[in-house]
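K.L.:
Compute the structure for the input listed below.
(chains A and B)
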Amino acid sequence: MIRDHFRVMVVDLGQGRARVERVEGRDRYAGGSGLAALLFGLYGRADRPWDDPDQPFILAIGPLTGYFPLMSKTVAAFKSPYHDQYAESHAGGRSALAMRFADLDALVLVGRSDRPCCVSVGARHMEIMDAHFLWGKDVLVSGKYLRRMFPGSGNRSILRIGPAGERRSAMACVNVDTFRHFGRLGAGAVLGAKKVKAVAIGGDAAFDLPPGKEYAKLFKEIYTQLTNTHMMGKYHSLGTAGNMAALNTAKALPWRNLQQTSDPAIEGISGERFADQTLLRNAACAGCPVGCIHVGFVREKFMTDNQYLYRQVPYDYEPIFSTGSMLGVTNAFDVLKIMDSVERMGLDVMSAGVALAWAAEASEKGLIGPDQTGEALRFGDAEAFRRAVERLGRAENDFYARLAQGALVAAEEYGGRDFACVLGQEMAGYATGEVFFVAEALGFRHSHLDTSAYSFEQKHLDRDLERDVAFLVSNEPERVFLNCMVACLFSRGVYKDELLAEALRCVGYKGLAENMGRVAEDMRRLRWRTRLRTGYDPEEARIPKRFSEVVSAKGPVDAGYMERLRRAYAEAIRELGREEPEQ
Amino acid sequence: MKILTAPRMERCIGCHSCALACARLVHGLLSWNASGIRIRSSGGVTTGFEACHCLACDPPPCALACPTGSFSPRKGGGVKVKPELCIRCGECAGACPVDAIFLDETGRPFVCIHCGRCAGFCPHGCLELAEAPGNGPEEGES
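P.N.:
As a prediction, the model looks like this:
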């Protein structure tokens, strides 16, 4: 529905009631990331802790969601249990189109249920249902019951948490439609604290399209570009898993808790190996013809006489790096088995894998032992890691409860801070050098997607402080605007400014189309202000020693340069987040 | 007369491009269910996807059930639709043995008219406009 304001449903879990609110500001905040920051300003409590019942859990889509291909993602915004500051996480699945067809620009959950519940919303319904019988069940088992509870296969999206979210792990994800996730910064714990096991979004509304042929013509042009280009072929074919071999060759793939950046054992866990031996099929987010989701399988013999069970496991570059090379596990099926456990626990795979890599090195160095970890953890021992994932998901003892709050939290107790691979959160899989390390350590989402630093760095092997800071600052707004549309960032090569403006104009958002540059910059600054208001201090962000020991394609990391870059980018962020007089 | 078939649904990735195309191009709507073809998973996305669309029954039970002549048999199977005759009684949807007719909240029926516009938007070639069985060239038509 094209409208000059936002239609927002606010569900009060404590009261068991919802209201639909009209929120002004379409031309200023656009939607998605900008809308989420606006809503956090309206409903969030910057000065209260993340699990205060009044804190909102926000889902927001963009003005073009559903109208054009790959406008297929949703922003989740919340105060994070990881750093107790404002955070965003993005996911696809069917969530975005379900929100569109539920006729909601945003859904905001406030309050706390007094018992485990499911929230079900749609264009013509809102219900909060008891779900105590699902509490404690893993993500896959919960999914089977939830699909029965919420009919509407194909036209609804089910968001759910696992044991990690229930236990308020700072690395708990929200699973979206089985194959996708609001992964990072603990969104699952926010739902867990609210006692929300699942959110079902039923999309059953239909909207009139703009009259004339222009819209259908533009849709076809964009669809053709997105399905014909070489760029999309990359995501469709090997998928992001193709990065494994590429980054290993570029000496940028973290191995064994970032003690190496390349290893001949890559062959066993390359994208090619996954595709040749484990790939069952591809799947897609609703509204995306690309189908980047690669689904592999694990098979387990559970009884003699050839009795097997199998499960399907989605894989991507980041999950393979974090549960494969980072843990020294070099067999594709073993990697999928660890991912499968991560999925069932409802953990963020990157955080869990990287945290366990720290635990393996801490074990190697004798800082911790089986008394803490339950059994010896050694790089390459996939079965032990698989069990460790379950212990981590269920926060089985003091050690795992600490580790579930992040490797640095565990290191406070047991030592080993220097080799915790944490850049604002457990690192993403790009050991390209100082620019990426600083970008992730200080970035808004502490995500490899905040900027294209890893790509930039592979093309600029020299060091130039002014150029590198300028890149980090200037690369952000374009991505912020795509996050306001909530486009899949895989489409960034197609959705350039001119095309975005045309798409916005075509469906009726003329004001936005004319002011994209200003909106991008304003929303970038609003996001930073929101983060800073909740306590972020970029000057305090530190980069553990391990990162200065890395040897990448640029050669050994220059610790002095990294520190200068860190300070300069922190200063830039402080400026970007400077409070401005209210307009 | 050709009919819409879905012979390669094992390839489906669940993108809903077909349903969105039908809603957009046939009905002028933004929707993933107010269309002549709808995609659903059979018991979760891990089990794959199925297309819910008219199988071109001949004679079509939906047309037989329609009390006003809004649905009438189409040559080659399926129905021709005259929306202006529809009284939104929903009898057509009830008569369809494979749940291929979607009723929106006002009771307006959406059914495949076998135009094939959806097939052009399927990235994996799951859909195909084909001669109806017993109606193809081998049966004497060209």
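K.L.:
Buried residues in stretch A:22-40, which are they?
P.N.:
For stretch A:22-40, the neighbour count (16 or more other CB atoms under 10 Å in any protein chain shown) marks A:23, A:26-40 as buried. Heads up, the C-betas are built off the backbone N, CA and C, glycines and all.
K.L.:
Give me the subset of those that lies in strands.
P.N.:
Judged by DSSP state E, the buried residues of stretch A:22-40 include residue A:23 as members of strands.
K.L.:
ok, the buried residues of stretch A:22-40 vs residue A:417, which is closest?
P.N.:
Lowest distance from residue A:417 to these (CB to CB) belongs to residue A:40, with 31.2 Å.
K.L.:
For chain A, what is the nearest residue in chain B?
P.N.:
Residue nearest to chain A within chain B: residue B:40 (3.0 Å; CB to the nearest CB).
K.L.:
Go ahead and confirm that residue touches residue A:156.
P.N.:
No - if you go by CB atoms under 8 Å, residue B:40 and residue A:156 don't touch, sitting 9.8 Å apart.
K.L.:
coming back round to it: wait, a strand at the residue of chain B closest to chain A?
P.N.:
Yes - under DSSP: H, G, I helix; E, B strand; the rest coil, residue B:40 sits within a strand.
K.L.:
Now do the same contact list for the closest residue to it other than its chain neighbours.
P.N.:
Leaving aside its chain neighbours, residue B:40 sits nearest to residue A:154 (3.0 Å; criterion: CB to CB, 6 or more residues apart in numbering or on different chains). Residues near residue A:154 by CB atoms under 8 Å, 6 or more residues apart in numbering or on different chains: B:14, B:16, B:32, B:33, B:38, B:39, B:40, B:41, B:49, B:52.
K.L.:
and the gap between residue A:154 and residue B:23?
P.N.:
Per CB to CB, to the nearest Å, residue A:154 is found 14 Å from residue B:23.
K.L.:
Now list whatever residues contact both of those two.
P.N.:
B:32, B:33.
K.L.:
Closest to residue A:475 out of the buried residues of stretch A:22-40?
P.N.:
The shortest approach to residue A:475 among the buried residues of stretch A:22-40 belongs to residue A:33, at 15.5 Å (CB to CB).
K.L.:
Could you double-check that the closest one lies in contact with residue A:527?
P.N.:
Yes - with contact defined as CB under 8 Å, residue A:33 reaches residue A:527; the gap is 6.5 Å.
K.L.:
Helices along chain B, start to end?
P.N.:
Counting by DSSP state H, chain B has helices at residues B:17-25, B:61-65, B:91-95.
K.L.:
any chance of those in a markdown table, plus mean pLDDT and distance to residue A:371?
P.N.:
Converted to a markdown table, the helices of chain B look like this (pLDDT from 0 to 100; distance: least, CB to CB, whole Å):
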| stretch | mean pLDDT | distance to residue A:371 |
| --- | --- | --- |
| helix B:17-25 | 98 | 54 |
| helix B:61-65 | 98 | 69 |
| helix B:91-95 | 98 | 64 |
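K.L.:
okay, those helices, which one's buried deepest?
P.N.:
Across the helices of chain B, the average number of neighbours (mean count of other CB atoms under 10 Å in any protein chain shown) peaks for helix B:17-25, which reaches a mean of 25.
K.L.:
hmm, that helix touching chain A?
P.N.:
Yes - residues of helix B:17-25 contacting chain A under CB under 8 Å from any CB of the partner chain: B:17, B:20, B:23, B:24, B:25.
K.L.:
correct me, but the last one touches residue B:116?
P.N.:
Pointing back at residue B:25 there. No - counting by CB under 8 Å, residue B:25 does not reach residue B:116; the two are 10.6 Å apart.
K.L.:
Residue of the stretch 401-550 of chain A closest to chain B, please.
P.N.:
residue A:507 (9.0 Å).
K.L.:
which residues of the stretch 201-350 of chain A score low on pLDDT?
P.N.:
A:229, A:231-233 (pLDDT under 70).
K.L.:
All the strands of the stretch 251-400 of chain A, in order from the start?
P.N.:
For the stretch 251-400 of chain A, applying DSSP state E, counting those that start in this stretch gives strands covering A:279-283, A:293-303, A:307-315.
K.L.:
From the contact counts, what lies against the second one?
P.N.:
Looking back up the chat, that one is strand A:293-303. Under the contact criterion of 3 or more CB pairs under 8 Å, 6 or more residues apart in numbering or on different chains; DSSP states H and E, strand A:293-303 touches strand A:279-283, strand A:307-315, helix A:332-345.
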